[in-house]
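[1] need the 3D shape of this:
(chains A and B)
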Amino acid sequence: MRDNKTILIEKTAIVLAEKGVTLSQTETAALFEKPSDPKLGDLALPCFKLAKTLRQAPPKIASDLAPLFEGTEGIARIEAVGGYLNFFYDSASCLSVVEEILQNDRYGSSDVGTGKTVCLDFSSPNIAKRFHLGHLGTTVIGNAIRNLFDFCGYKTVAINHLGDWGTQFGKLIYAYKHWSSKEQVEQGGIDELVRLYVTFCNQEAEDDALKQAARDAFHLLEEGDAESLEIWEYFKEISLREYQKTYDLLGITFDSYNGEAFFSDKMPAVVDEIRSKGLLELDNGASVVRLDEENMPPCLILKSDGSTLYPSRDIAAAIWRKNEYDFEKCVYVTSAGQSLHFAQWFSVVRRMGYEWADGLVHVPYGTMSVGGEKLASRTGNVVLLDDLLAEAVRKCGAVIEEKHPDLDNKAQIAEAVGVGAVVFNALANNRIKDSDFNWEDALSFEGNAGPYVQYTYARSASILRKGGEPAGDNTGYEPCAEETALVGKLAEFPETVARALAEYEPSIVSRYLLAVCALFNQFYHNCRILNAEGASRIFRIKLAAATHTVIGNGLDLLGIRRTEEI
RNA sequence: CCGCCCUUAGCUCAGUUGGAUAGAGUAUCAGAUUCCGAUUCUGAGGGCCGUGAGUUCGAGUCUCGCAGGGCGGGCCA
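    Below is the predicted model:
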């Protein structure tokens, strides 16, 4: 079908040239669009823009052009409607799309990224804190974008930039030494670390000496004190052990866990570099880079006490990563609230003379709230990710128990569907939109939701199990409306992947999958597959196989497990 | 005060370079299975696309003003 488009573009260029309008290949291609309603045709040529140069009414242009396209390869019918010229592909091209998908398990993938490396900085939780809803966005969006890059041939480096450094570790170490023990931490895990931190913060409010004690403890850690380092390593290990369980459940892996601690000793050199390039200015004791030209407030590099800040760390990390990975792009998936921060330090890197700053990309996403209130550990207004996932799995288990009690691997399937539902939900809307969490909606798996996609996938798998190999000769078969509509949508998968990647927007894939599922279910409902006969049966099984491939690849991209059975 | 983002059906949201009658899900109501998995499918009602101008043959989409909401704005990250 995409071949048909190419043919049409070339033909159009010739036809228009006869009319005295010469356009380049890309200009001609830009004239085409997909009809709003597939019933109108497979491809449309709006003639409004041509009206100016041809000095004729668009409807007249359309009807004049129509006969000139007679006999174009792959085109069955041409209709001039209003100012539009609508093209209908013939059934042979419909069959060939299905064959193309069957020959390629990785249908939709490309090699545009071959030889290029992309770093993706996402998830990045703070050590010794619970993984909550606020981390879900960056984690699943980042992972999906990583998958998209992989699918398009890029080499990807998934980086979990851990929040594993800072004065809070002074507090934790102090609290651990005075109020806890290895046994208690071993028992309680992160919960115990959180308890220690909260306890310290409460005490600290009433006791100034504690504040100093925390600073001293962190200073000791920075100096490389063996005992402090050991405790710090231990906290990190305890935390990662628990995070890993969540990542395993989500099917997410990282290539690097280099976090703030890793870069702590790499910042002085970078600050010196900024200074030597004449960018650093003193302002009220702090060192800043002015960004007046960019119409932004100054970027703070050093506090008045000489210690570094968030931007300095990101700049140091970016430079290190560029040297280490020679990335084409470095993508940061964080909340939209940090947009200014990223715009500022991207600018600083550019002012440092690094042209690769253009490859730094901030991918923002909307704020998640609970009950209309900000997420806040302090006030207890949080929903832990583990709790949400566990509840989703439990609910799916209950549904399976009720509807398919004989199913094998019930536990695994409940897990796949429950976790998948949460992930799909997080990836279904444009990432920039804010959202408010409530349990009812989060666990509502009806309609446009993950289970619908997984169910449809399982349904197509079931057809394939029962129908045998999707093979045989179906030449000359005339597909019905449901079939052509589904094939048309399947053929859009490659461009859908490309657009999702270009916009760093996984929801484009999610919504595409919902559309595929709707069309497959309509096809399934209206067309007999297994007890059809001859070419019809052959084609329909192939179509089920092609749908299976596309939905499967789509689920892979979103980071949702495939379910051959539900 | 300044900057960025958001505003489309009762609710949650789509709407790709400006194009044909603004679409899904959900909720409400009415239907469909002798047959491949009913977590399915069909139909109905539901809209001054926040508001006012402008550009254009054509604006949900682009520009500007305004309103409402969210998030930022030098020593947190």
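
[2] going forward, measure contacts between C-alpha atoms and count neighbours the same way
    Fine.

[3] domain boundaries for chain A, per the record?
    A:2-89, A:166-253, A:394-558 (automatic domain parsing).

[4] of these, which stretch is the most buried?
    Using mean count of other CA atoms under 10 Å, the stretch among the domains of chain A with the largest mean neighbour count is domain A:394-558, at a mean of 19.

[5] quick one: mean pLDDT over that domain.
    Mean pLDDT, domain A:394-558: 95.

[6] what is the end-to-end distance of it?
    From its first residue to its last, domain A:394-558 covers 22 Å (CA to CA, to the nearest Å).

[7] so where do the strands sit in chain A?
    Using DSSP state E, the strands of chain A run over A:43-46, A:75-81, A:84-89, A:117-121, A:155-159, A:280-283, A:286-289, A:299-302, A:329-335, A:360-365, A:368-370, A:373-374, A:435-437.

[8] tell me the angle the second one makes with strand A:84-89.
    Computed by axes from the mean of the first three to the mean of the last three CA atoms, to 10 degrees, the angle separating strand A:75-81 from strand A:84-89 equals 160 degrees.

[9] so what touches strand A:75-81?
    Residues outside strand A:75-81 that contact it (CA atoms under 8 Å, 6 or more residues apart in numbering): A:4, A:59, A:62-63, A:66, A:69-70, A:85-91.

[10] can you redo the domains of chain A as JSON lines with distance to RNA strand B?
    As requested, the domains of chain A are arranged in JSON lines below (distance: least, CA to the nearest atom of the strand, whole Å):
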{"stretch": "domain A:2-89", "distance to RNA strand B": "4"}
{"stretch": "domain A:166-253", "distance to RNA strand B": "6"}
{"stretch": "domain A:394-558", "distance to RNA strand B": "3"}
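
[11] make CSV out of those domains and add distance to A:Arg313.
    CSV is the format used below for the domains of chain A (distance: least, CA to CA, whole Å):
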stretch, distance to A:Arg313
domain A:2-89, 43
domain A:166-253, 12
domain A:394-558, 24
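
[12] to A:Arg146, which of those domains lies closest?
    Smallest distance to A:Arg146 across those (CA to CA): 8.5 Å, for domain A:394-558.

[13] shaky segments in the stretch 201-350 of chain A?
    Residue ranges of the stretch 201-350 of chain A with pLDDT under 70: none are present.

[14] can you give me the helices in it?
    Remark: helices assigned in the stretch 201-350 of chain A by DSSP state H, counting those that start in this stretch are A:208-222, A:226-250, A:260-263, A:267-276, A:310-325, A:339-351.

[15] contact partners for A:Gln344?
    Counting by CA under 8 Å, 6+ apart, A:Gln344 makes contact with A:Leu291, A:Met296, A:Pro298, A:Cys299.

[16] now the residue nearest to the first one when sequence neighbours are not counted. Its backbone dihedrals?
    Leaving aside its chain neighbours, A:Leu291 sits nearest to A:Pro298 (5.3 Å; criterion: CA to CA, 6 or more residues apart in numbering). Geometry field for A:Pro298 lists phi and psi as phi -60, psi 150, criterion degrees, to the nearest 10.

[17] so what's A:Pro298 up against?
    A:Val288, A:Val289, A:Arg290, A:Leu291, A:Asp292, A:Gln344.

[18] who wins on neighbours among these?
    Within those, most neighbours by other CA atoms under 10 Å means A:Val289, with 24 neighbours.

[19] beta-bridge partners for that one, please?
    Beta-bridge partners of A:Val289, counted by DSSP bridges, are A:Leu280, A:Cys299.

[20] that one contacts A:Ile301, correct?
    Yes. Shown here, A:Val289 and A:Ile301 form a contact pair, counting by CA atoms under 8 Å, at 7.1 Å.

[21] hang on, the earlier thing: is it possible to export the helices of the stretch 201-350 of chain A to a markdown table including distance to A:Ile78?
    Conversion of these to a markdown table gives the following (distance: least, CA to CA, whole Å):
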| stretch | distance to A:Ile78 |
| --- | --- |
| helix A:208-222 | 74 |
| helix A:226-250 | 48 |
| helix A:260-263 | 62 |
| helix A:267-276 | 63 |
| helix A:310-325 | 52 |
| helix A:339-351 | 49 |
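
[22] and A:Asp305, what is it in contact with?
    A:Asp305 neighbours (CA under 8 Å, 6+ apart): A:Gly285, A:Ala286.

[23] A:Pro405 and A:Val348, how far apart?
    Taken as CA to CA, the span from A:Pro405 to A:Val348 is 60 Å.

[24] let me see the contact set for A:Thr199.
    A:Thr199 touches A:Ala175, counting by CA under 8 Å, 6+ apart.

[25] just the contacts of A:Gln344 that are near RNA strand B?
    A:Pro298 (CA under 7 Å from any atom of the strand).

[26] closest one of the contacts of A:Gln344 to A:Phe445?
    Nearest member of the contacts of A:Gln344 to A:Phe445, counting by CA to CA, is A:Met296, at 43.7 Å.

[27] against A:Gln25, how distant is the nearest residue to that closest one once chain neighbours are set aside?
    Counting by CA to CA, 6+ apart, A:Met296 lies nearest to A:Gln344, which is 7.2 Å off, once chain neighbours are set aside. Applying CA to CA, the value for A:Gln344 to A:Gln25 is 40 Å.

[28] A:Ile173 reaches A:Trp232, doesn't it?
    Yes. Shown here, A:Ile173 and A:Trp232 form a contact pair, counting by CA under 8 Å, at 7.4 Å.

[29] anything in contact with each of those two?
    In contact with both A:Ile173 and A:Trp232: no residue, using CA under 8 Å, 6+ apart.

[30] JSON lines please, covering the contacts of strand A:75-81 and showing pLDDT.
    Converted to JSON lines, the contacts of strand A:75-81 look like this (pLDDT from 0 to 100):
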{"residue": "A:Asn4", "pLDDT": "86"}
{"residue": "A:Pro59", "pLDDT": "93"}
{"residue": "A:Ala62", "pLDDT": "94"}
{"residue": "A:Ser63", "pLDDT": "93"}
{"residue": "A:Ala66", "pLDDT": "93"}
{"residue": "A:Phe69", "pLDDT": "93"}
{"residue": "A:Glu70", "pLDDT": "89"}
{"residue": "A:Leu85", "pLDDT": "94"}
{"residue": "A:Asn86", "pLDDT": "95"}
{"residue": "A:Phe87", "pLDDT": "95"}
{"residue": "A:Phe88", "pLDDT": "93"}
{"residue": "A:Tyr89", "pLDDT": "93"}
{"residue": "A:Asp90", "pLDDT": "92"}
{"residue": "A:Ser91", "pLDDT": "92"}
